[in-house]
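give me coordinates for this.
(chains A, B, C and D)
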2 protein chains.
Amino acid sequence: MDDAAFLADYDPNAFERPSVAVDLVLMTVVDGAPAALLMRRPAPPQQGCWACPGGFVGMAESLDEAAHRLLREKARMQGAYVEQLYTFGAPDRDPRTRIISVAYFALLPADRFAAAMAAGDDLTLARIAVPWAGEAGGPVEALAPDGTPLPLAFDHGDMLGLAVLRLRGKLDYSAVAFALLPERFTLRALQSVHEAILGAPLNKPAFRRRMLDRGWLEPTGEREVGTSFRPPELYRFRATA
Amino acid sequence: MDDAAFLADYDPNAFERPSVAVDLVLMTVVDGAPAALLMRRPAPPQQGCWACPGGFVGMAESLDEAAHRLLREKARMQGAYVEQLYTFGAPDRDPRTRIISVAYFALLPADRFAAAMAAGDDLTLARIAVPWAGEAGGPVEALAPDGTPLPLAFDHGDMLGLAVLRLRGKLDYSAVAFALLPERFTLRALQSVHEAILGAPLNKPAFRRRMLDRGWLEPTGEREVGTSFRPPELYRFRATA
DNA sequence: TTACTTATGTGCGAGTCGCGACTAAGTCAA
DNA sequence: TTGACTTAGTCGCGACTCGCACATAAGTAA
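As a prediction, this is how the structure comes out:
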């Protein structure tokens, strides 16, 4: 029997199937701390809890395509750095039915969130409180602007924690940090992003040297305007040749 | 409407669903090169091609549980180090129907494969040829014992490549290498495992120092027997205190 | 003009790494 | 018994990186 003959006989409904969703951990850095876009769930289950934007995977789209579609449809943004994070599949993680969720994380500079935030009250850019140091890992809390914890739906606390962990791990061997900054930025801003993700202060001269030696930074010759005191130089990210 | 009332009304069949499978990249190190357990596909599609052992996820089991079950049922092994790798979801990756595959990798010392290999001709421990250096990534080839390439089913060449890449990345900050060695081993054997995974030779004194300084190694006081020349000391892995 | 504040650069000591050379400890054969 | 042989394991040095204290530069504002 060849492939064609086999496929004619194949019954795709022989087994019961789980639902497959994509959830998006849409992160940025605000005021020296990591933050994520959360949506208030408008309907049960877990009505009123906050969740990462997500949705079911279409039958004709890849997982990456689904992630980009959700970024557009649910968060009304585009052009983010998007990367697959982890797949969550505990049988009881959603009370409706078996839902397996492929989590992605997406990175954007903070100023790109302004438009989406204006849309309404059921979206928030929540500060993430990381209770562990280094590469320990574990769930995190999301905080409202006034500092009170937001109740998170399902296993989204683990999801956010894993996103922070992955980001920390990739910070010093990949260029992810630049996805969290505007096109032109100062070295101080770059350092602040690193410190926010790592949750620890860094030594300024050492950080400078490392970054400049990496060859990822291109001086623009321009300087930041509107500052008091000596204006810092603006740099641009340039992929390694 | 509360959660209970909502769930009574919920129709889990409102959307068409993909199938979800778990595939297992079961790796070890043989003769100084990475190797993976592959099964010859006994039926279409891609009959006769070689594939990582896999199967559909049961409705009541988690993804991790499915991976461990497949390790037992398909490979007849247990006790491996198992970790989720990546989820493959291209719409056309399997011609039967939409199948989303959560890939795991599993690590075991080479001697644990002897029993499984005796089982029959449709299982092989294929040497993996990595055509790229460092962290470049990309698909790899699987080689038969005589050096000829084995045809790989679906996207399993990418899967194997990603497993090697992940292993390389974790090698020097985690203890994964010890999952590829028996309980007691020599420093030379540990170095050989690192070299096989990295695909590059390492400096002996530097490697020794690094490993001993990490605090993961416990000398047993015993020495390897049956060797010609000076017998090396046997060490044991001890998780960091 | 001068105080103030942040940007940017410099120099040094500690720690790590690669590397070549050296010593140690077994087997094996004459 | 002894010496050649081979692998195990150690030592020391130069190159490089990193953290850190400090010096210098360049703006604003009174």
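
following the worst-scoring helix or strand of chain A on mean pLDDT, which helix or strand shows up next?
Scoring the helices and strands of chain A by mean pLDDT, DSSP states H and E places helix A:3-9 at the bottom, with a mean of 52. Next along the chain after helix A:3-9, taking DSSP states H and E as the criterion, comes strand A:19-30.

what strands line up against that next one, and which way round?
Its sheet considered, strand A:19-30 pairs with strand A:33-40 (antiparallel), strand A:54-56 (antiparallel), strand A:99-107 (parallel) by DSSP bridges.

so how far is the second one off the chain centroid?
Taking C-alpha atoms, centre = their mean, to the nearest Å, one finds strand A:54-56 lying 15 Å from the centre of the chain it belongs to.

identify the residues contacting that strand?
The contact list for strand A:54-56, computed with C-beta atoms under 8 Å, 6 or more residues apart in numbering or on different chains, reads A:19-24, A:66, A:69-70, A:73-74, A:101, B:15. (Each C-beta comes from the backbone N, C-alpha and C, glycine too.)

who in chain A is up against DNA strand D?
A:202-203, A:205-207, A:209-210, A:213, A:223, A:228-231 (C-beta under 7 Å from any atom of the strand).

10 Å instead, please
Neighbours of DNA strand D within chain A, by C-beta under 10 Å from any atom of the strand: A:172, A:200-211, A:213-214, A:223, A:225-233.

buried among the contacts of strand A:54-56? Need that as a selection in ChimeraX.
Listed next is the ChimeraX selection for buried residues among those, using 16 or more other C-beta atoms under 10 Å in any protein chain shown:
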select /A:19,20,21,22,23,24,66,70,74,101
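
quick one: the longest helix belonging to chain A near DNA strand C?
Ranked by residue count under DSSP state H, the longest helix found in chain A is helix A:156-170. No - for helix A:156-170, no contact with DNA strand C is found by C-beta under 10 Å from any atom of the strand; the gap never falls below 17.5 Å.

in contact with A:Ile64, which residues?
To be clear, residue A:64 is Asp; Ile isn't right here. Listed by C-beta under 8 Å, 6+ apart, the contact partners of A:Asp64 are A:82, A:84, B:89.

out of those residues, which is most surrounded?
B:Gly89 (25 neighbours; other C-beta atoms under 10 Å in any protein chain shown).

wait, what's in contact with that residue?
Contacts of B:Gly89 (C-beta under 8 Å, 6+ apart): A:20, A:57, A:62-64, A:102, B:18, B:100-101.

just the pLDDT at it, thanks.
We have a pLDDT of 98 for B:Gly89.

one more: A:Ala118?
pLDDT, read off for A:Ala118, is 79.

dihedrals phi and psi, it?
Per-residue torsions, A:Ala118: phi -70, psi -20 (degrees, to the nearest 10).

from A:Val29, how far off is it?
20 Å (C-beta to C-beta, to the nearest Å).

outline the domain layout of chain A.
Domain ranges of chain A: A:19-170, A:183-237, per automatic domain parsing.

just the ones you listed: most buried one?
Counting by mean count of other C-beta atoms under 10 Å in any protein chain shown, domain A:19-170 has the highest mean neighbour count of the domains of chain A, with a mean of 18.

before we move on, the earlier item: let me have the domains of chain A in CSV, extended by distance to B:Ala142.
Below are the domains of chain A laid out as CSV (distance: least, C-beta to C-beta, whole Å):
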stretch, distance to B:Ala142
domain A:19-170, 24
domain A:183-237, 36
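
right, and those domains - which one's nearest B:Leu181?
domain A:19-170 (23.4 Å; C-beta to C-beta).

CA-only coordinates of stretch A:101-108, as PDB, when you get a sec.
Extracted in PDB, the C-alpha atoms of stretch A:101-108 (Å, rounded to 0.1, in the frame of the first residue of the first chain):
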ATOM      1  CA  SER A 101      -1.500  25.400  25.300                       C
ATOM      2  CA  VAL A 102       1.700  26.300  23.400                       C
ATOM      3  CA  ALA A 103       3.000  29.300  25.100                       C
ATOM      4  CA  TYR A 104       5.000  31.900  23.100                       C
ATOM      5  CA  PHE A 105       6.700  35.000  24.400                       C
ATOM      6  CA  ALA A 106       6.800  38.300  22.500                       C
ATOM      7  CA  LEU A 107       8.900  41.300  23.200                       C
ATOM      8  CA  LEU A 108       8.200  45.000  22.400                       C
END
